[in-house]
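Colleague: The sequence isn't on hand, but the structure is:
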């Protein structure tokens, strides 16, 4: 199985072609922190760890910024500000312009069946348009299938917690325990946490929604995430943190 490799890079450096992954079937995908300069140069735009994944033929720079910049394809948590005739205005970051969410950008939505979202409502959405010349646009449906694919209004009892952008990216990794070094959620739902029942929605914009029928559980999960993030805790430290939080809230 291909493994993910890491190397520290600085802005403006030319990446050695031998470090660029190749795949017979998949095109090369550049993630945050990288820019393609024709014809073939790829340079970092930020300082951080260059991460390459040969299996997915992708590469990006892992860095921790305090300001979220919308990027097409990002999965985010957005809060409804208000509704207009054709779309909702959503807040996705304190530092960026409000994003537009078309009323019909939901699964099976029509003018009569579209969700009625009040100000303050949360949606799990994908950035569909992002560039420096236009306000970002988001959607809650996969345009190629017409299905929600897990996106849409967030309902149920829960709370939103702020985490760093780097930590959010690690949580969103398909193998967040192996590649991102984050096992705290798995531990909370396992033996270490006494099998806490909860659900989460993680946004690349540094927002994590934690939902549960138990307010106590929501608090434990939120604190565990934020303390793991702030302390840059390793696996064993995460395990001790989970046991301490669960014991202290009994």
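Modeller: Yep, it's here. Only a predicted model underlies this, so the values are computations on that prediction, with no experimental measurement involved.
Colleague: Any chance you could list what contacts the helix ranked longest in the chain?
Modeller: Longest helix in the chain, counting residues (DSSP state H): helix 215-231. Under the contact criterion CB atoms under 8 Å, 6 or more residues apart in numbering, helix 215-231 has outside partners 157-159, 161-164, 167, 171, 182, 184-185, 188, 193, 196-198, 200, 208, 210-212, 233, 237-238, 241-242, 245-246, 249. In short, each C-beta sits where N, CA and C put it, glycine included.
Colleague: Kindly report the same for stretch 41-60.
Modeller: Contacts for stretch 41-60 (CB under 8 Å, 6+ apart): 1-15, 19-23, 26-37, 61-65.
Colleague: so how many other residues sit close to residue 230?
Modeller: Residues lying near residue 230 (other CB atoms under 10 Å) number 11.
Colleague: So for this structure, the centremost residue is which one?
Modeller: For the chain, residue 204 is the residue whose C-alpha lies nearest the centre (CA atoms, centre = their mean; 2.8 Å).
Colleague: any idea how far residue 92 is from that one?
Modeller: Per CB to CB, to the nearest Å, residue 204 is found 10 Å from residue 92.
Colleague: list residues touching both of the two?
Modeller: What both residue 204 and residue 92 touch, as defined by CB under 8 Å, 6+ apart, is the set 68, 76.
Colleague: so where is this structure shaky, pLDDT-wise?
Modeller: The model of the chain has pLDDT under 70 over residues 1-6, 250.
Colleague: just to revisit the earlier point, so which of the contacts of helix 215-231 sit within strands?
Modeller: Judged by DSSP state E, strands contain the following of these: 158, 159, 161, 162, 200, 208, 210, 211.
Colleague: Max pairwise distance over these: which two?
Modeller: Largest separation among the ones in strands among the contacts of helix 215-231 by CB to CB: 162 and 211, giving 16.3 Å.
Colleague: which parts of the longest helix of the chain are buried?
Modeller: Residues of helix 215-231 classed as buried by neighbour count (16 or more other CB atoms under 10 Å): 217-229.
Colleague: for those, which one is nearest residue 121?
Modeller: Of all the buried residues of helix 215-231, residue 218 has the smallest distance to residue 121: 17.9 Å, by CB to CB.
Colleague: What does the residue lying closest to residue 63 once chain neighbours are set aside show for phi and psi?
Modeller: Counting by CB to CB, 6 or more residues apart in numbering, the nearest residue to residue 63 once its immediate chain neighbours are dropped is residue 48, at 3.1 Å. Backbone torsions of residue 48, given as degrees, to the nearest 10, read phi 170, psi -160.
Colleague: all numbers from here: first residue = 6
Modeller: Sure, I'll start counting at 6 from here, so that last one is residue 53.
Colleague: Identify the bridge partners of residue 53.
Modeller: When assigned by DSSP bridges, residue 53 has beta-bridge partners residue 14.
Colleague: same question, the one 4 residues further on
Modeller: Residue 57 forms beta bridges with residue 10, residue 64, as assigned by DSSP bridges.
Colleague: Compute the number of surrounding residues for it.
Modeller: For residue 57, the neighbour count with other CB under 10 Å is 21.
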